[in-house]
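>>> Have a look at this prediction, sequence included:
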Amino acid sequence: PLSLLHINRVSVSNTWYVVEWQGGVGVTQFVDRADSLLLPWVCIYTNAPPPTPVTNLLLYPVTGGDSGFFRIRAQR
């Protein structure tokens, strides 16, 4: 159960997006963001090579409004 890749929380706190996810310890994980689903995804964060923490937290500055999309990718 600890290796299931999923987002636990996405929220906006003052001027920060807060993204928390769980992804296991044996993979490199990438956080991508897009302002719109019609625009390309941009990688904004990559965690350290394995082993990695089971639960991860990213603070990302809010720019140009309070909307956007996040996704998590994993690579072994």
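Now that the structure is in, tell me what you want to look at.
>>> quick one: contacts for the residue nearest the centre of the chain?
Against the mean C-alpha coordinate of the chain, by Cα atoms, centre = their mean, the closest residue is Val31 at 3.7 Å. The contact partners of Val31, by Cβ atoms under 8 Å, 6 or more residues apart in numbering, come to 19, 21, 43-46, 58, 70-72. Quick note: C-beta positions are derived from backbone N, CA and C, even for glycine.
>>> same question, Asn14
Asn14 neighbours (Cβ under 8 Å, 6+ apart): none.
>>> before we move on, back to that, mind checking the SS state of the residue nearest to the centre of the chain?
strand (DSSP: H, G, I helix; E, B strand; the rest coil).
>>> what ranges do the helices span in the chain?
For the chain, no helices are identified by DSSP state H.
>>> What segments of it are strands?
Listed in chain order, the strands of the chain (DSSP state E) span 6-13, 16-22, 28-34, 42-46, 55-61, 69-75.
>>> shaky segments in this protein?
The chain contains residues with pLDDT under 70 at 1-2, 65-66.
>>> rewinding a little: kindly state the beta-bridge partners for the residue nearest to the centre of the chain.
With DSSP bridges as the criterion, Val31 is bridged to Tyr45, Ile72.
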